[in-house]
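1. With the sequence up front, the predicted model follows.
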Amino acid sequence: MAKLTKKRKVALNKVDQEKSYGLLDAAKLVKEISSAKFDASVDLAVRLGVDPRKANQMVRGIVSLPHGTGKTVRVLVLCTPDKEEEAKAAGADFVGLDDFIEKIKGGWTDVDVIITMPSIMAKVGALGRVLGPRGLMPNPKTGTVTVDVGKAVQEVKGGKIDFKVDKAGIVHAAIGKTSFSSENLHDNAKELLQTIIKLKPSSAKGTYVKSVYLSSTMSPSVAVDPKSIGA
């Protein structure tokens, strides 16, 4: 078993493992116990009472975090030449088509989000083997396949994230950084949680939000009381 560092021992002592905290108190505590020497990511983990193997219990959605993610999001827009200026003006990091398709076929995936147009999906679909496993495949459901590429770039750069429940029934998402104020972390977490609650499948029985945990990179998890988010 790994030896606990002094900082981690102090952090663990501050967290009451038997207690569920209100969302704002949990955000304050996560900031307080973060021992990372860098601006760590703050993550939310929500365990849902769904069976993700059933198509009618798949929880997936998009949400715009009011205070952004704190991350620099690298965006590639694969578009026709007439849309290139629009994409660049909106802040896309990479814009083009055939050259980038060839680069991706060769294994290049040095981006966080790929946005494309419906008319190009046939070309982009051929990249599924490379993009699929990395979660980079554009999808109309997440707003990354659209004719309005400029708006899509602005939304992604402004804090729009997509999320989906994993095989274990958990939604994981980064909702900010430890440098954020407790209030901003609270607002971002609440926006995501309320979006997840709205997406409750009608076929899901029993308790929907089973548990909520807030943590930062290298910090213990803090249990959030689902009642504090209206679940």
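-> Looks like it arrived, so ask away.

2. Give the next helix or strand downstream of the longest helix belonging to the chain.
-> Once the chain is assigned using DSSP state H, the helix that runs over the most residues is helix 182-198. Next helix or strand after helix 182-198 toward the C-terminus (DSSP states H and E): strand 209-216.

3. who does that next one touch, helix- and strand-wise?
-> For strand 209-216, the elements it packs on are helix 23-33, strand 41-48, helix 182-198, strand 222-224, judged by 3 or more Cβ pairs under 8 Å, 6 or more residues apart in numbering; DSSP states H and E. No exception for glycine: its C-beta is placed from N, CA and C like everyone else's.

4. the helices in the protein, which residues?
-> Here the chain has its helices, by DSSP H, at 6-14, 23-33, 84-89, 98-105, 121-125, 128-131, 149-157, 182-198.

5. Which one, of those helices, ends up nearest to Arg47?
-> With Cβ to Cβ as the criterion, Arg47 lies closest to helix 182-198 of the helices of the chain, at 10.9 Å.

6. Tell me what angle that closest one forms with strand 41-48.
-> Angle of helix 182-198 versus strand 41-48, following axes from the mean of the first three to the mean of the last three Cα atoms, to 10 degrees, is 30 degrees.

7. What's the local residue count around Thr217?
-> Residues contacting Thr217 under the criterion other Cβ atoms under 10 Å number 16.

8. Skip the chain neighbours and tell me the closest residue to it.
-> Distances taken as Cβ to Cβ, 6 or more residues apart in numbering put Ala40 closest to Thr217, at 3.9 Å, once the chain neighbours are dropped.

9. show me the contacts for the one you found.
-> By Cβ atoms under 8 Å, 6 or more residues apart in numbering, Ala40 lies in contact with Ser34, Lys177, Thr178, Ser216, Thr217, Met218, Ser219.
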